[in-house]
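Engineer: everything below, folded, please.
(one chain, ligands or ions: 1)
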Amino acid sequence: MSFSRPLIVGGAVGTLLLAGCSADPSTDSTDDAPSDASLSVGAAFYPVQFVAEQIGGDDVAVTPLIAGGVEPHDAELSPATVREMQNMDTVLYLSDFSAAVDDAIDTTGARALDAHHIVDEHGEDVAAHEAATHDGEEHAADDGHDHGVADPHFWLDPTLLAEYAEDVVAEFSELDPDHAEAYEERGAALVASLSALDEDFTEGLAVCERREIFVSHEAYGYLGLRYDLEQEGMSGLDPEAEPSPARLREIRDLIEDSGATTIFTESKVSAAVAESLASDAGVTTAVLDPVETATNGDDYIDIMTRNLEALRTGLDCS
Ligand SMILES: [Zn+2]
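Structural biologist: Numbers count the residues shown, from 1 in each chain. Presented below is the predicted three-dimensional model:
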């Protein structure tokens with residue numbers, strides 16, 4: 001932490017006062033961060049945390065803004081976390097995904113690296129893919145730029161997470177030029193493993209009996225576009241939304257027509273609805289994880305690899 005850092009503005013004085021008797025005001029209360037880290041970085045949700053840790057190595061102390069296991073769409077930030085953000089060199093996030101994070105970045109004036117340009121660049125292709133696979137359904141996805149409901153889940157296409165990794169290498173290198181070479185090396189290794197994962201998906205899903213995936217939370221637009229899958233969601237982009245009885249009847253008919261054997265679920269909330277629909281339709285459920293959080297020490301690659309296996313089984317891929 002002794003590394004000379006760019007001036008931190010906005011609230012630094014307040015933090016000094018709050019830090020009180022602490023010798024070094026930049027040392028926060030959660031002192032499990034490696035003390036030799038040059039950069040202190042906040043991560044708004046799991047996939048950007050994964051990228052920060054892979055690229056940062058021992059040179060970066062990464063602090064998740066949201067407690068582990070908490071679903072980021074509606075997450076709240078603790079006042080302590082917001083105070084800590086004032087001391088962070090940069091915060092990795094996606095705007096229009098977690099309102100609490102957007103607000104905290106505004107109020108603290110923290111430096112932040114927004115991934116939203118990836119959504120801006122690819123969101124319309126996702127919307128067009130969805131529209132093409134859902135003709136006749138009630139989707140208004142083809143109305144140009146102005147949909148506030150663009151699918152945020154870009155990290156489910158590993159090549160798009162690799163795009164963000166390039167941004168993160170540039171950000172860390174600018175903030176900490178002494179370690180730029182290390183950031184570039186680790187960034188290249190991460191991009192290589194994301195590209196290997198992408199190849200696994202492409203090969204693993206090349207030949208399947210079916211390409212429709214029935215899901216609770218409609219998080220798989222980017223995955224579907226990349227690997228030619230058609231998602232049918234019960235509850236839309238918001239994982240907390242209750243599916244309507246009409247939508248459930250519609251899904252039941254689509255399952256019958258497609259010969260699907262599996263409904264993919266994630267959270268305990270939606271699993272209850274999905275399970276009753278599955279037993280009603282005579283199919284099984286399997287977990288497809290939107291990788292918004294990480295649990296059990298599994299990382300992004302582990303979870304995505306498990307997702308691939310679940311898809312291959314559920315879609316009868318050869
Ligand atoms: Zn989501």
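Engineer: only the buried residues of the biggest helix by length in the chain, if you could.
Structural biologist: Secondary structure of the chain per DSSP state H: the longest helix is helix 180-204. For helix 180-204, burial by neighbour count (16 or more other Cβ atoms under 10 Å) applies to 182-184, 186-187, 190-191, 194, 197-198, 201, 204. Where C-beta positions appear, they are placed from N, C-alpha and C, glycine not excepted.
Engineer: mind listing the strands whichever helix or strand comes after that helix pairs with, and their directions?
Structural biologist: Following helix 180-204 in sequence order, the next helix or strand is strand 212-215 (DSSP states H and E). Strand 212-215 pairs in its sheet with strand 230-233 (parallel), strand 262-265 (parallel), by DSSP bridges.
Engineer: contacts for the last one?
Structural biologist: Contacts of strand 262-265 with the rest of the structure, by Cβ atoms under 8 Å, 6 or more residues apart in numbering, involve 213-216, 255, 271, 274-275, 277-278, 281, 283-288, 310, 313-315.
Engineer: just the buried ones from those, in ChimeraX syntax?
Structural biologist: Per 16+ other Cβ under 10 Å, the buried members of those correspond to this ChimeraX selection:
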select :213,214,215,216,255,271,274,277,278,281,283,285,286,288,310,314,315
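Engineer: now do the strands for this structure: every range, in order, please.
Structural biologist: Secondary structure of the chain (DSSP state E): strands located at 39-43, 60-64, 90-93, 112-114, 212-215, 230-233, 262-265, 284-287.
Engineer: would JSON lines of those strands with mean pLDDT and distance to residue 83 be doable?
Structural biologist: Output for the strands of the chain, formatted as JSON lines (pLDDT from 0 to 100; distance: least, Cβ to Cβ, whole Å):
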{"stretch": "strand 39-43", "mean pLDDT": "98", "distance to residue 83": "12"}
{"stretch": "strand 60-64", "mean pLDDT": "97", "distance to residue 83": "12"}
{"stretch": "strand 90-93", "mean pLDDT": "98", "distance to residue 83": "13"}
{"stretch": "strand 112-114", "mean pLDDT": "98", "distance to residue 83": "16"}
{"stretch": "strand 212-215", "mean pLDDT": "94", "distance to residue 83": "38"}
{"stretch": "strand 230-233", "mean pLDDT": "92", "distance to residue 83": "38"}
{"stretch": "strand 262-265", "mean pLDDT": "94", "distance to residue 83": "37"}
{"stretch": "strand 284-287", "mean pLDDT": "94", "distance to residue 83": "36"}
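Engineer: flag the shaky bits of the chain, pLDDT-wise.
Structural biologist: Along the chain, segments meeting pLDDT under 70 span 1-35, 135-149, 236-240, 267-270.
Engineer: so which of the strands paired with strand 212-215 is the most packed in?
Structural biologist: Across those, averaging neighbours per residue (mean count of other Cβ atoms under 10 Å) puts strand 262-265 on top, at a mean of 24.
Engineer: from the chain's centroid, how far away is that strand?
Structural biologist: Chain-centre distance of strand 262-265: 20 Å, with Cα atoms, centre = their mean, to the nearest Å.
Engineer: same question for stretch 96-103.
Structural biologist: 13 Å.
Engineer: what's around the closest residue to residue 230 other than its chain neighbours, how many residues?
Structural biologist: Counting by Cβ to Cβ, 6 or more residues apart in numbering, residue 230 lies nearest to residue 133, which is 4.0 Å off, once chain neighbours are set aside. Neighbourhood size, residue 133 [other Cβ atoms under 10 Å]: 18.
Engineer: what does residue 134 give?
Structural biologist: Residue 134, neighbours per other Cβ under 10 Å, totals 15.
Engineer: distance of it relative to residue 98?
Structural biologist: 27 Å (Cβ to Cβ, to the nearest Å).
Engineer: check residue 214 too.
Structural biologist: With Cβ to Cβ as the criterion, residue 214 and residue 98 are 27 Å apart.
Engineer: can you give me the helices in the stretch 1-150 of the chain?
Structural biologist: 12-19, 46-56, 79-85, 99-108, 116-133 (DSSP state H, counting those that start in this stretch).
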